[in-house]
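Trainee: dropping a prediction and its sequence here:
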Amino acid sequence: MVWVAVSCAVIAAFFLAFGAQRQGGAVRQTTGGLNLGHRGVLRLLTNPRWVLGLILMGIGMALNVYALATAPLTVVQPIGAIALVITTVVHAREVGIRLNRPTFLAIIACVGGSIGFVLLAINVTDPHPQVSAREELITVLLLAIAVAVFGSLAILLRHRQSAFFYIMGAGVLFGFVAVLVRTLAISLMQSQGNLLANVSWLVVIAVAVAGLLGTYFVQNAYSSGPPDLVIAGLTVIDPMVGIAIGIAVLGELRDDVHPIMAMSMVGFAIVATVGVIALSRHHPDAHRQRSDHHSKES
């Protein structure tokens, strides 16, 4: 069952990559590299390219939800790093840029770190964790704090935010969403015909609020950064947050994990995170967009 979930997560990565590419191009065309306002969001709803990207991402998310419901969070979440490679290749060909050596090394670090983490996580996670009401409530409370912090910063510093801030915020929020979606999916699968019997409406509301704010952050990140940078941030920050919650709150890590194995997992996580930071600094399209943004401000 775990490998079926892994296969669904891999297919989901393809849909998410192409969906992100379509949406990223539409947002940049609409905003011209500036932050996305409320009117810009409404204009995107009438953009066929953006809507196509939304449909593709919706299919990818549906496959990912199934994967989250049938396999440990620590196994499913990092697989999204595959989307980074796809998005990078498609975006580079579309805009006609050549990727430099630091960008290639950053992508290798992102993907290699995430895949290495997955291969280790498959062997050290509990395949059938039970989520208690207490664990669910703790996750919701932590999410409420994250929404308050990132939402406040987005309002107070809305004219000073960079793509990396929006990527960081979206990654954290979607990491929580992945955890809560997993708990909802498990509840539905254990409902025995009465679909709403085990569903917590507090969790549903939390997922909706975090999902909407995270989506807003993603669209703003597209307006000031290349889509492969956005995907890189999401496929590293999102799973790392989700995995931290899965281990610390949901107890998905087995008790007999060897310290060397745990240290290796941490090492792979660090490599992937360093890759995202390097990609945000050295990606040629990111350099070009920063130059264009400074010239418009001057």
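Mentor: Perfect, I can see it now.
Trainee: buried ones in the host helix or strand of residue 8?
Mentor: Residue 8 is part of helix 2-31 when elements are defined by DSSP states H and E. By neighbour count, with 16 or more other CB atoms under 10 Å as the criterion, the buried positions of helix 2-31 are 5-6, 8-9, 11-28, 30-31. For every residue, glycine as well, the C-beta is placed using N, CA and C.
Trainee: ok, now stretch 124-139?
Mentor: In terms of neighbour count (16+ other CB under 10 Å), stretch 124-139 has its buried residues at 124-125, 129, 131, 135-136, 139.
Trainee: equivalent analysis for stretch 238-249, please.
Mentor: Using 16+ other CB under 10 Å as the burial criterion, the residues of stretch 238-249 that qualify are 238-243, 245-247, 249.
Trainee: which residue in the buried residues of stretch 124-139 has the weakest pLDDT?
Mentor: The member of those with the lowest pLDDT is residue 129, and it reads 59.
Trainee: ok, back up a step: which of the buried residues of stretch 124-139 lies closest to residue 207?
Mentor: Residue 207 has its nearest neighbour among those in residue 139, at 10.6 Å by CB to CB.
Trainee: how close does the closest one get to residue 146?
Mentor: Spatial separation of residue 139 from residue 146 under the definition CB to CB, to the nearest Å is 11 Å.
Trainee: anything in contact with each of these two?
Mentor: A shared contact of residue 139 and residue 146, defined by CB atoms under 8 Å, 6 or more residues apart in numbering, is any residue touching both; here these are residue 176.
Trainee: using JSON lines, lay out the buried residues of stretch 238-249 together with secondary structure, distance to residue 91 and pLDDT.
Mentor: Listed next are the buried residues of stretch 238-249 as JSON lines, based on DSSP: H, G, I helix; E, B strand; the rest coil; distance: CB to CB, whole Å; pLDDT from 0 to 100:
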{"residue": "238", "secondary structure": "helix", "distance to residue 91": "19", "pLDDT": "80"}
{"residue": "239", "secondary structure": "helix", "distance to residue 91": "21", "pLDDT": "76"}
{"residue": "240", "secondary structure": "helix", "distance to residue 91": "23", "pLDDT": "77"}
{"residue": "241", "secondary structure": "helix", "distance to residue 91": "25", "pLDDT": "84"}
{"residue": "242", "secondary structure": "helix", "distance to residue 91": "25", "pLDDT": "80"}
{"residue": "243", "secondary structure": "helix", "distance to residue 91": "27", "pLDDT": "77"}
{"residue": "245", "secondary structure": "helix", "distance to residue 91": "30", "pLDDT": "86"}
{"residue": "246", "secondary structure": "helix", "distance to residue 91": "31", "pLDDT": "80"}
{"residue": "247", "secondary structure": "helix", "distance to residue 91": "33", "pLDDT": "79"}
{"residue": "249", "secondary structure": "coil", "distance to residue 91": "35", "pLDDT": "85"}
